[in-house]
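# Fold the following for me, if possible:
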Amino acid sequence: MMTMQTRFIDALVAKAATDPRIRAVWLAGSFGKGIADRWSDIDAHLLIDPTALDEFRESVEAWLSEIRPLVLLRLMFDGQMVNAMTDEALRLDLWLHSGESAQVTEGQTRVLFAEKGVLTWQPDPGGALTQEAAAAELQRAIPEFWRCIAMLPVAVGRDEKLVGAAGNFLIVLLLTDALSVGSGRRKDRGVKALNGFLLPEYRQTVEDATFLSKLTLEELPRLHLRLARIMQAHGPVICEQWNVAYPWALEQTALRYVTQELRSLGIASALEELQ
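Predicted structure coming up:
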């Protein structure tokens, strides 16, 4: 059975191959490496004729919507990347490149379409973490971890429970960033993939410290859905108060996708939180 990702990729390459402004299309991320699963987003790259880049960027929403209707589109990194979601809740990062050529990495790239000679290949850096990269990650994560720890009295003293909870999530991410260096592997996947880069004993220690080891897969979605219910109740009211359009299509798409996947995973009981 074709997944929504496969259908989108096939349609993307068919459309790009007939657009004279586009010189190459390739996939990076999990689809580029050949390790994607049904929950993977699409990390796609377009090489665009330099004279057509601005025109393409201005029309990219309509261009993508002809492949699949969108419920979200944002230009990020000064317009270099399009962050989008389709009405099937497929998540897409579309990077826009311009120039005569582009570099792609062996073992991490799946070329979908390319004019002759426009892509140059560079070797795969491999999975081992270099001394330089390890030092940079540790020098980033560890000082920031302790800076956030030092702000604990602020949240406690001011009774800022929501801020304190948000800080807890941040320090967990910083801690696991530092601990992942201990595996010796280069973290070459996005923020939604962590388990493969933590040594089992490190992962167990952090899960125990945050009580996550006692959290079942049935209970895990309940917090998200309780918060979703609050947004359903109050988000539209506040948007109306400030004359801002509420993203109804995005809400409906997100909840439809979550409902479908939780039922597929056999944990539909968590959907009670939305009632």
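# So what are the sheet partners of the helix or strand containing Val25 and their directions?
Here Val25 sits within strand 22-28, counting by DSSP states H and E. Sheet pairing for strand 22-28, assigned by DSSP bridges, gives strand 42-48 (antiparallel), strand 110-114 (antiparallel).
# Could you list the alpha-carbon positions for stretch 139-147 in CSV?
C-alpha atoms of stretch 139-147 as CSV (Å, rounded to 0.1, in the frame of the first residue of the first chain):
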residue,chain,number,x,y,z
GLN,A,139,30.4,23.1,25.0
ARG,A,140,26.9,24.2,23.8
ALA,A,141,24.7,21.8,25.8
ILE,A,142,26.3,21.6,29.2
PRO,A,143,26.7,25.3,30.0
GLU,A,144,23.1,26.0,28.8
PHE,A,145,21.9,23.1,30.9
TRP,A,146,23.4,24.6,34.1
ARG,A,147,22.2,28.0,33.2
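# That stretch: which residues count as buried?
Ala141, Glu144, Phe145 (16 or more other C-beta atoms under 10 Å). All C-beta spots, glycine's among them, are computed from the backbone N, C-alpha and C.
# Next: stretch 49-65.
Buried residues in stretch 49-65 (16+ other C-beta under 10 Å): Asp49, Ala52, Leu53, Phe56, Arg57, Val60, Trp63, Leu64.
# Touching it from outside, list them.
Stretch 49-65 has contacts (C-beta atoms under 8 Å, 6 or more residues apart in numbering) with 15, 20-23, 46, 48, 70, 73, 75, 79, 82, 84, 92, 94, 96, 98-99.
# Just the ones in helices from those residues, please.
Within these, residues falling in helices by DSSP state H are Lys15.
# Buried ones only from the contacts of stretch 49-65, please, as a PyMOL command.
Here is the PyMOL command that picks out the buried ones among the contacts of stretch 49-65, judged by 16+ other C-beta under 10 Å:
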select buried, resi 15+21+22+23+46+48+70+73+75+82+84+92+94+96+98
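# Give the closest residue to Gly29 in space, chain neighbours not counted.
In this structure, Gly29 finds its nearest non-sequential neighbour in Asp43, 3.2 Å apart by C-beta to C-beta, 6 or more residues apart in numbering.
# which ones are touching Ser30?
So Ser30 contacts Ala36, Asp37, Ser40, Asp43, Arg189 (C-beta under 8 Å, 6+ apart).
# can you rerun that using 6 Å?
Ala36, Ser40 (C-beta atoms under 6 Å, 6 or more residues apart in numbering).
# Please renumber the chain so that the first residue is 40 from this point on.
OK, 40 is where the count begins now, so the last one is Ser69.
# how close does it get to Ala153?
Distance, Ser69 to Ala153, using C-beta to C-beta, to the nearest Å: 20 Å.
# how far away is Leu262 from Ile269?
11 Å.
# ugh, typo on my part, it should be Trp102
Trp102 is 36 Å from Ile269, by C-beta to C-beta.
# Roughly how far does Gly223 sit from Gly165?
Relative to Gly165, Gly223 is positioned 11 Å away (C-beta to C-beta).
# got any ranges where the chain has weak pLDDT?
Within the chain, the ranges that satisfy pLDDT under 70 run 40-41, 229-231.
# residue furthest from the geometric center of it?
The C-alpha centroid of the chain is most remote from Gly196, which lies 34.5 Å away (C-alpha atoms, centre = their mean).
# Next, count neighbours for the residue nearest to Gly68.
Per other C-beta atoms under 10 Å, the neighbour tally for Asp82 reads 21.
# Surely it touches Asp132?
Yes - assessed by C-beta atoms under 6 Å, Asp82 is found in contact with Asp132 at 5.0 Å.
# which residues of the stretch 40-189 of the chain fall in strands?
Ranges of strands in the stretch 40-189 of the chain, per DSSP state E, counting those that start in this stretch, are 61-67, 81-87, 109-115, 120-125, 130-137, 141-144, 149-153, 158-161.
# Using TSV, lay out the ones you listed together with distance to Arg46.
Formatted as TSV, the strands of the stretch 40-189 of the chain follow (distance: least, C-beta to C-beta, whole Å):
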stretch	distance to Arg46
strand 61-67	14
strand 81-87	11
strand 109-115	15
strand 120-125	10
strand 130-137	13
strand 141-144	24
strand 149-153	14
strand 158-161	25
